[in-house]
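# Build me a structure from this.
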Amino acid sequence: RVQSLTPRRTFAPLLDKARRAADVDRVQAGTQLDTPFDGRGVIIGIIDRSFEYRHPAFLDREGRSRIIALWDRSGYTPTRDGSLPVDSTTIVDGTDHVDLQGGGHGTHVAAIAAGSEVGNHFHGVAPGASLLLIPSTFEGAEVIEDVRFISSFARRRHMPWVTNLSFGSQIGPHDGTTPYDRTLSALTGPGGIIVAAMGNEGIDDLHVGATLQPGQTRYVRFTRTKTGEDGVYPDAELALWGQTPDRAVRFKLRPYVLTQGKLMPMDAAFWQRCADIRSGADRHNLKEHWSVRLHVNRVRVDLNDPAAEVVFAISLPASARSERTFHFWCERHQGRFSPTAVPGHAAEHLAPTADYLVGEGAATIPSAIAVGSFTSRKDYPDALHPTPRGNRPNVVLNGIDQVGLRSYFSSNGPGLDTLRVRPTVLAPGSMVCSALNALAPGFNPEAKTTFIADVLRRGDRTYYYGAMQGTSMASPFVAGCVALWLQASPTLTPADITDIIRHSARRPSVMQKAEWTPLYGYGRIDAYKGLQLALKHAATTGIARPGRSAAPVSLSLNSDAWRILFNAPESHAVVTVSALDGRTLFSRTLSRPAQGSEVVITPADLPSAAPGILLLRIVTPGAVVTRKLVNPAR
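Down below sits the predicted model:
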């Protein structure tokens, strides 16, 4: 028995490779956002792998790199252990030399958050932000160094920062108490935010949990469904955590094998060869912890049964003084818990559940904004196979989800950190189109698993945009939104961001008027409403933007209403809507509109307007803003 189990941990990117897909199309959670806020003056840190460093998504209009710094750990440049001054000559055409099977993940993620405008509508949420890219192995100790580097780099330049973590694991206490979680949480604060992906395990049967009475036993059936490329079953990692913080180890965990329909205990020598099982009390959260590593291939070889499964009997001895609760997880892509009962133990069978799947290594960080996915589109525009008329057909790849609702793959909460909710919010993560890394080993635009939505040709180089799916895509969308909000109010804290989301998120009807649920968090991200609250926060903290701006307003242009948000305090403003024949259909004069104040125009305000094009005009002392818009009553 040991007192603490804190093994070296390596996380994995949270990409649903089986169903990559495309195209948020600059629709920010359903809001066409027309705003001067683009993330300028904010650093977005991306800790990931497989970057194409000179992709047009990371260049400005003059072809200069927007990567403000690079901590190169991959061998891409001669210097591997520190920051590099970055300009268009330093960042040469290339990708990570040690790709680590990234498959372009980092390129896609970074461009969702902050990709440049290149004329194809696939730019990022904050295209004016400065990028700080770190190719990573995703090892825990390295990630801590990475976030610390981003924080110190931004602090030296007096810039706010937001870091995206699109990776994770299911092995850990899921309560934010690990030294890793606490260290990263302590690096955040005013102007420093971590945004993290929840995970893609929504339907993967990776969790079981129960409360046992003294003398009670439950049976859990674990099955390995996939072999490695060489036909060998890799090891599987599992972890059981008790929930009573009293340093006591009370549960008993006994493994069996299920072979030829029979449940067999096997002897100690067998389990010494086929598993490594340890228990102890964690010194950080004082909870009971069982660590299990199954040598699955040895189990099946020793039994000469490729279908053999492992069953765990989890019991609480009769000598225990009271009931105790446990949660049991297996690592993603290493197997699953079976819903099928163990023969002869149907009454004691413990079936998997879809809750308590907050991703370790990212979403469990106490101060992080934990992001799940909702479906914004179910198809993508196929750029490689146009119709005879030259149009790009929309190819439907996701026939499961409903638009506007949680994506089927998005991991559910709640977490086991009783002070914080998980997830925080949902963002578009299905059918998301962004930049692809054409230099990644094995990249093939014609492959069935590569969905190309646009092709750019610059000189002798070809660059691609395409579709991927996962909470890896939803998280950088929120990171981009946070960059916009930090531009408006640079001292926002993680608690401020959470509060903004709580008061601005859109709650679908399936939430049944609840403020928060384990599936939806506080609801769907709303970049515009969040910006409004960030501007108000800045005004109340003395960060008022100067009036007489050339870009005095941000516009949210939905089919049900036009919303006009004042980016700065003005002495006065006039808002009018006119028909193309010159008739004034709406007029409002405002005296001293405050920063963050709003004018909303609905169809009811335009009773005499015919369907068609109207002119929206906003006049302030420093600017005249005019937009041609479609009548929302149409």
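# so where is the stretch 401-550 of the chain shaky, pLDDT-wise?
For the stretch 401-550 of the chain, the stretches with pLDDT under 70 are 543-550.
# ok, now the stretch 201-350 of the chain?
For the stretch 201-350 of the chain, applying pLDDT under 70 flags the ranges 225-231.
# So which residues of the stretch 351-500 of the chain form strands?
369-375, 379-381, 394-396, 425-430, 432-436, 451-458, 461-468 (DSSP state E, counting those that start in this stretch).
# Turn those strands into JSON lines, including distance to residue 558 and mean neighbour count.
Just so you know, the C-beta spots here come from the backbone N, C-alpha and C atoms, and that holds for glycine as well. JSON lines is the format used below for the strands of the stretch 351-500 of the chain (distance: least, C-beta to C-beta, whole Å; neighbours: other C-beta atoms under 10 Å):
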{"stretch": "strand 369-375", "distance to residue 558": "17", "mean neighbour count": "30"}
{"stretch": "strand 379-381", "distance to residue 558": "22", "mean neighbour count": "23"}
{"stretch": "strand 394-396", "distance to residue 558": "22", "mean neighbour count": "14"}
{"stretch": "strand 425-430", "distance to residue 558": "16", "mean neighbour count": "32"}
{"stretch": "strand 432-436", "distance to residue 558": "21", "mean neighbour count": "30"}
{"stretch": "strand 451-458", "distance to residue 558": "24", "mean neighbour count": "19"}
{"stretch": "strand 461-468", "distance to residue 558": "25", "mean neighbour count": "23"}
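# Can I get those strands in CSV including distance to residue 311?
Putting the strands of the stretch 351-500 of the chain into CSV (distance: least, C-beta to C-beta, whole Å) gives the following:
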stretch, distance to residue 311
strand 369-375, 32
strand 379-381, 42
strand 394-396, 40
strand 425-430, 35
strand 432-436, 40
strand 451-458, 40
strand 461-468, 37
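# Let me know which of those is the nearest to residue 589.
strand 425-430 (36.7 Å; C-beta to C-beta).
# That closest one: how far from the chain's middle?
7 Å (C-alpha atoms, centre = their mean, to the nearest Å).
# before we move on, what about stretch 295-311?
Centroid displacement of stretch 295-311 relative to its chain, using C-alpha atoms, centre = their mean, is 36 Å.
# May I have the distance across it, first residue to last?
By C-alpha to C-alpha, to the nearest Å, the extent of stretch 295-311 from end to end equals 14 Å.
# residues making contact with it?
219-224, 232-236, 255-260, 263, 270, 273-276, 294, 335, 338, 342 (C-beta atoms under 8 Å, 6 or more residues apart in numbering).
# In that stretch, which residues are buried?
Residues 295, 296, 297, 299, 300, 301, 303, 308, 309, 310, 311 are the ones in stretch 295-311 that count as buried (16 or more other C-beta atoms under 10 Å).
# could you redo the residues you listed as a markdown table and give each row secondary structure?
Shown next, in a markdown table, are these (DSSP: H, G, I helix; E, B strand; the rest coil):
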| residue | secondary structure |
| --- | --- |
| 295 | coil |
| 296 | helix |
| 297 | helix |
| 299 | helix |
| 300 | helix |
| 301 | helix |
| 303 | helix |
| 308 | coil |
| 309 | strand |
| 310 | strand |
| 311 | strand |
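# follow-up on the earlier one: tell me which of the strands of the stretch 351-500 of the chain lies nearest to residue 477.
Of the strands of the stretch 351-500 of the chain, nearest to residue 477 by C-beta to C-beta is strand 425-430, at 4.2 Å.
# Which residues outside the closest one are in contact with it?
By C-beta under 8 Å, 6+ apart, the residues outside strand 425-430 that reach it are 19, 21, 24, 27, 29, 369-378, 398, 401, 406-407, 410, 469-475, 477-478, 481, 501, 505, 520-525.
# Could you give the separation of stretch 165-180 from the chain centroid?
Distance of stretch 165-180 from the chain centroid (C-alpha atoms, centre = their mean) equals 14 Å.
# For residue 477, see how far away the nearest residue to residue 144 once chain neighbours are set aside is.
Once flanking residues are discounted, residue 144 sits nearest to residue 183: 5.4 Å by C-beta to C-beta, 6 or more residues apart in numbering. According to C-beta to C-beta, to the nearest Å, residue 183 and residue 477 sit 26 Å apart.
# Those two: which has the busier surroundings?
When residue 183 and residue 477 are compared for neighbours, residue 477 comes out ahead with 30 against 16, by other C-beta atoms under 10 Å.
# ok so, going back, which of the contacts of strand 425-430 count as buried?
Counted by 16+ other C-beta under 10 Å, the contacts of strand 425-430 give 19, 21, 24, 29, 369-378, 398, 401, 406-407, 410, 469-475, 477-478, 481, 501, 505, 520-525 as buried.
# quick one: the helices in the stretch 51-200 of the chain?
Using DSSP state H, counting those that start in this stretch, the helices of the stretch 51-200 of the chain run over residues 105-114, 140-156, 179-187.
# Same check on the stretch 501-634 of the chain?
For the stretch 501-634 of the chain, the helices defined by DSSP H, counting those that start in this stretch occupy 527-540.
# hmm, back to that, highest average neighbour count across the helices of the stretch 51-200 of the chain?
Ranked by mean neighbour count under mean count of other C-beta atoms under 10 Å, those are led by helix 105-114, which reaches a mean of 32.
# Please name every helix or strand in contact with that helix.
Other elements packing on helix 105-114 under the criterion 3 or more C-beta pairs under 8 Å, 6 or more residues apart in numbering; DSSP states H and E are strand 43-48, strand 130-135, strand 432-436, strand 461-468, helix 471-488.
# and residue 628, which of the strands of the stretch 351-500 of the chain is closest to it?
Each of those has some distance to residue 628 by C-beta to C-beta; the shortest is strand 379-381, at 24.7 Å.
# strands paired with that closest one, and their directions?
strand 394-396 (antiparallel) (DSSP bridges).
# Next, the contact list for residue 207, please.
Taking C-beta under 8 Å, 6+ apart as the test, what residue 207 contacts is 170, 327, 328, 329, 337, 352, 353, 354, 355, 356, 357.
# Check residue 290 too.
If you count contacts by C-beta under 8 Å, 6+ apart, residue 290 has them with 239, 240, 241, 251, 253, 277, 278, 279.
# tell me which of the contacts of residue 207 is nearest to residue 394?
Residue 394 lies nearest to residue 354 out of these, by C-beta to C-beta, at 30.2 Å.
# Quick check, pLDDT for that closest one.
The model reports residue 354 with a pLDDT of 95.
# Residue numbering should commence at 48 henceforth.
Noted, 48 is the first residue going forward, which turns the last one into residue 401.
# contacting residues for it?
Applying C-beta under 8 Å, 6+ apart to residue 401 gives the contacts 249, 250, 254, 459.
# Show me how to select, in ChimeraX, the buried members of those residues.
To isolate the buried members of these in ChimeraX, using 16+ other C-beta under 10 Å:
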select :249,254,459
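# Just the closest of the contacts of residue 401 to residue 408, please.
The shortest approach to residue 408 among those belongs to residue 254, at 16.2 Å (C-beta to C-beta).
# Show me what the closest one is bridged to.
residue 376, residue 400.
# Same question for the one 4 residues further on.
Taking DSSP bridges, one finds residue 372 as the beta-bridge partners of residue 258.
# What residues does it make contact with?
With contact taken as C-beta under 8 Å, 6+ apart, residue 258 is in contact with 370, 371, 372.
# From the residues you listed, keep the buried residues only.
Counted by 16+ other C-beta under 10 Å, those give residue 371 as buried.
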